[in-house]
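[1] return a 3D structure for these sequence lines:
(2 chains)
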There are 2 protein chains.
Amino acid sequence: MKIVSTVKLKHLLDELKDEFNEHEFIERESLDYLTPEDLSSVEVLIAQQTKLDEALLGQMPKLKWLVWYVAGVNKLPLSYMKERGIILTNARGIHKIQIAEFIFAYIMADYKHLAEFQELQENRGYKTAIRTSELYEQAICFIGTGEIAKNAARIARAFGMKTIGVNTDGRSVEHFNETEPLTNRRSAFTQADIIVNVLPETAETIELLTREDFEAMGKDALFINVGRGTVVAEDTLVKVLENRVIRKAALDVYEHEPLNEDNPLYQLANVIMTPHITGLSRHYNARATNIFKGNLKKGIEHSSAFINLVDYDKGY
Amino acid sequence: MKIVSTVKLKHLLDELKDEFNEHEFIERESLDYLTPEDLSSVEVLIAQQTKLDEALLGQMPKLKWLVWYVAGVNKLPLSYMKERGIILTNARGIHKIQIAEFIFAYIMADYKHLAEFQELQENRGYKTAIRTSELYEQAICFIGTGEIAKNAARIARAFGMKTIGVNTDGRSVEHFNETEPLTNRRSAFTQADIIVNVLPETAETIELLTREDFEAMGKDALFINVGRGTVVAEDTLVKVLENRVIRKAALDVYEHEPLNEDNPLYQLANVIMTPHITGLSRHYNARATNIFKGNLKKGIEHSSAFINLVDYDKGY
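    The predicted structure is shown next:
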């Protein structure tokens, strides 16, 4: 097959060429550098740029398999791709290490008052009335119980935390003390000190969380969003933070990305913000390539057995 | 027995009085408020102030048991107390939750570049070249393998880290992948990305770490000190940081406490500093009192079976 990568794989591409010498590998700087010959002949495309739309895919008549080096598929023309019968695999699961770790970075920043201690150090102060909190015996609720949440819940248990998971049907999942169905999520929020959204963006998750959800979390709650920003309308989020419906938020994702300088979230004192970086990792491409290798080894004729195969009907 | 507390125990004292009504409990604001009658009659003293010296103990002829609500006994007149046959119990072990958690707060602050992301947020910036590191598969070495180190090593393993412990004889300890004797510590340091000192202050640990130890840790290492500041001479520590013998330090304890404003550590860019607070907890007195209760239940005639009994010869 003709396999074109628009992701800079460097030494990983050499490994692919060595291991799969029955295929032809071509590397391009980005989607913009695809030649007419690439477009007309590509069968397997490795890509990560959201500009991959219906028009561009339309120029690739032989495309059988899109190897999407991103977890979220919400920006792709899914119904068009389904119709074309293009196999779609994504990079879900390779974020579980770095995102789970960052969840605890946010918790530490908040619970251990790291910014205040930094200020104290800058002012060369030694005496302090700063009193920190413990993770031990706190309850943490994850909205979504996929790989990221499971990995984070496992670590949370090591810290002595109680873990609650919210998923579609309330099924039990490893590393969670309790699980609740989405319909019953507010009773889970009420119990929790920390609520973490890890849901992908689908038709069902857009603006899932309303003011009532934040009221259930309560005025001492820390809300962390490392899923997708669209899970809550930005103006709702700004209001519940302004009105101290919840105590604090730590956000990596936003309804409108990239953020503008005049975004009202920047004016709030009770929010920790990072620019959609928790999924990044120095090991990202190596991990995504390992998944691709496993699938390529199985062969495209066995695509139903592929790891990270996207179900067009579910949207993930 | 006549039991005098100079620690503000509030409701915990009421619980003690209820549970042990065969003893007489008296509470004083601090050591300064002890009356001549208290001094002449006290048999069990609950205290935490370092001003408890030989002169003051000399005024307590009936003192049988000092219940020290602090872990470190290095400031107490140990040889005098040994001679008097005073039973000494301390608060070791109740720090394991909060100090272990703070070790990961330091690691997150460093590995996840939290201060840089905070600055980015303050400047309303979204694009960033900040690249974070993962704890996963990093090696962490603890100097000391007591309760704090064990608890932190257990959490480190949940993060997928390799754990190495250094103790006097290199004996195996739960939650450590490897252990090394103190004499062989530098080979452990060489392997580790993060080195954490949790040793108490004893004659053997004062200035244990020299420049050669930091050279073994190496230029990418993060050194965390939550044990005692005296484990390394301050000028050695300042030099190894200035000269980038190691990459960074996170310090909660110092050779000379409290720190003066002109301490040279404040001038370094590669140090995270907190003012000896990692052992504090909202639950501190409750946990220390639980240990005291367990011992009091056994009875002073069975003091050899006391939990947290200090061995005067070992100094901890």
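[2] strands along the stretch 51-200 of chain A, start to end?
    A:65-68, A:87-89, A:139-143, A:162-167, A:178-181, A:194-197 (DSSP state E, counting those that start in this stretch).
[3] elements contacting the second one?
    Yep, that's strand A:87-89 we're talking about. Judged by 3 or more Cβ pairs under 8 Å, 6 or more residues apart in numbering or on different chains; DSSP states H and E, strand A:87-89 is in contact with strand A:65-68, helix A:284-298. C-beta coordinates here come from the backbone N, C-alpha and C atoms, glycine included.
[4] and these, which is most packed in?
    Neighbour counts (mean count of other Cβ atoms under 10 Å in any protein chain shown) averaged over each of the helices and strands packed on strand A:87-89 peak at strand A:65-68, with a mean of 24.
[5] right, and residue A:264 touches residue A:237 too?
    No - assessed by Cβ atoms under 8 Å, residue A:264 is found out of contact with residue A:237, at 9.3 Å.
[6] between those two, which one's more packed in?
    Per other Cβ atoms under 10 Å in any protein chain shown, whichever of residue A:264 and residue A:237 has more neighbours is residue A:237, with 26 against 14.
[7] now the element after the helix or strand harbouring the more buried one, going C-ward?
    In this assignment (DSSP states H and E), residue A:237 forms part of helix A:234-242. For helix A:234-242, the succeeding helix or strand toward the C-terminus, using DSSP H and E, is strand A:248-251.
[8] note down every partner strand of that next one and its orientation.
    In the sheet containing strand A:248-251, its partner strands are strand A:222-225 (parallel), strand A:271-273 (parallel), by DSSP bridges.
[9] of all the helices and strands packed on strand A:87-89, which lies closest to chain B?
    Closest of these to chain B is helix A:284-298, at 10.5 Å (criterion: Cβ to the nearest Cβ).
[10] for the closest one, give the mean pLDDT please.
    Mean pLDDT, helix A:284-298: 96.
[11] kindly export it (C-alpha atoms) in CSV.
    What follows is helix A:284-298, C-alpha atoms only, in CSV (Å, rounded to 0.1, in the frame of the first residue of the first chain):
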residue,chain,number,x,y,z
TYR,A,284,3.4,11.2,21.7
ASN,A,285,4.4,10.2,18.2
ALA,A,286,6.2,7.1,19.4
ARG,A,287,3.1,5.9,21.2
ALA,A,288,0.7,6.7,18.3
THR,A,289,3.1,4.9,15.9
ASN,A,290,3.1,1.9,18.1
ILE,A,291,-0.7,1.6,17.8
PHE,A,292,-0.4,2.1,14.0
LYS,A,293,2.2,-0.6,13.8
GLY,A,294,0.0,-3.1,15.7
ASN,A,295,-2.8,-2.4,13.3
LEU,A,296,-0.7,-2.5,10.2
LYS,A,297,0.7,-5.9,11.3
LYS,A,298,-2.9,-7.2,11.4
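[12] contacts for it, please.
    Residues outside helix A:284-298 that contact it (Cβ atoms under 8 Å, 6 or more residues apart in numbering or on different chains): A:7-10, A:12, A:15-16, A:19-20, A:23, A:46, A:67, A:69, A:89, A:91, A:93-94, A:281, A:303, A:305-308.
[13] if we go to 7 Å?
    Applying Cβ atoms under 7 Å, 6 or more residues apart in numbering or on different chains, the external contacts of helix A:284-298 come out as A:7, A:9, A:12, A:19-20, A:67, A:69, A:89, A:91, A:94, A:305-308.
[14] ignoring the adjacent residues along the chain, who's closest to the residue of chain A at minimum distance from chain B?
    Proximity of chain A to chain B (Cβ to the nearest Cβ) peaks at residue A:158, 3.5 Å away. Of all residues not flanking residue A:158 in the chain, residue B:158 sits nearest, at 3.5 Å (Cβ to Cβ, 6 or more residues apart in numbering or on different chains).
[15] for that neighbour, report the pLDDT, please.
    98.
[16] please work out how many residues are found near it.
    Neighbours around residue B:158, by other Cβ under 10 Å: 17.
[17] and residue A:280, helix, strand or coil?
    Judged by DSSP: H, G, I helix; E, B strand; the rest coil, the three-state class of residue A:280 is coil.
[18] ok, it - contacts?
    residue A:98.
[19] next one: residue A:150
    A:173-175.
[20] contact residues of chain A facing chain B?
    A:97-98, A:101-102, A:104-105, A:108-109, A:112, A:114-115, A:117-118, A:120-121, A:124, A:126-128, A:131, A:134-136, A:154-155, A:158-159, A:258-259, A:261, A:266, A:273-275, A:277, A:281-282 (Cβ under 7 Å from any Cβ of the partner chain).
[21] buried only: go through the contacts of residue A:150 for me.
    A:173, A:175 (16 or more other Cβ atoms under 10 Å in any protein chain shown).
[22] would you list the contacts of residue A:150 in CSV and tack on pLDDT?
    CSV is the format used below for the contacts of residue A:150 (pLDDT from 0 to 100):
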residue, pLDDT
A:173, 98
A:174, 98
A:175, 98
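[23] out of the contacts of residue A:150, which is nearest to residue A:215?
    residue A:173 (26.2 Å; Cβ to Cβ).
[24] for the closest residue to the closest one other than its chain neighbours, grab the count of nearby residues.
    Computed as Cβ to Cβ, 6+ apart, the closest residue to residue A:173 that is not its neighbour in sequence is residue A:145, at 4.3 Å. Using other Cβ under 10 Å, residue A:145 is surrounded by 25 other residues.
[25] from residue A:151, how far off is the residue nearest to residue A:158?
    Per Cβ to Cβ, to the nearest Å, residue B:158 is found 9 Å from residue A:151.
[26] next one, pLDDT for the residue located most distally from the centre of chain A please.
    Distance from the C-alpha centroid of chain A, by Cα atoms, centre = their mean, peaks at residue A:127 (40.2 Å). You'll see residue A:127 listed with a pLDDT of 86.
[27] tell me the contacts of it?
    residue B:275.
[28] and the residue most central in space within chain A, how far from residue A:255?
    The centroid of chain A falls nearest to residue A:227 when counting by Cα atoms, centre = their mean (4.7 Å). Plainly put, residue A:227 is 12 Å away from residue A:255 if you go by Cβ to Cβ.
[29] try residue A:190
    25 Å.
[30] looking at these two now, which is surrounded by more residues?
    residue A:255 (19 against 14).
[31] wait, doesn't that one sit right on residue A:225?
    No - when contacts are counted by Cβ atoms under 7 Å, residue A:255 is not listed as touching residue A:225 (10.2 Å).
[32] one step back: now for the residue nearest to residue A:158: which residues touch it?
    Taking Cβ under 7 Å, 6+ apart as the contact definition, residue B:158 lies against A:154-155, A:158.
[33] what of residue A:278?
    Here residue A:278 is in contact with A:98-99, A:102, A:226, A:252 (criterion: Cβ under 7 Å, 6+ apart).
[34] next one: it, what pLDDT does it get?
    97.
[35] and residue A:72, by the same measure?
    In this model, residue A:72 carries a pLDDT of 88.
[36] surely residue A:144 and residue A:225 touch.
    No - checked against Cβ under 7 Å, the pair residue A:144 and residue A:225 is beyond contact range at 11.1 Å.
[37] show me where the stretch 1-150 of chain A has its helices.
    With DSSP state H, counting those that start in this stretch as the criterion, the stretch 1-150 of chain A has helices at A:11-19, A:36-41, A:54-58, A:78-84, A:96-111, A:114-122, A:147-158.
[38] one step back: TSV for the strands of the stretch 51-200 of chain A, including mean pLDDT and distance to residue B:243?
    Compiled in TSV, these are given as follows (pLDDT from 0 to 100; distance: least, Cβ to Cβ, whole Å):
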stretch	mean pLDDT	distance to residue B:243
strand A:65-68	98	47
strand A:87-89	98	49
strand A:139-143	98	42
strand A:162-167	98	44
strand A:178-181	98	52
strand A:194-197	98	41
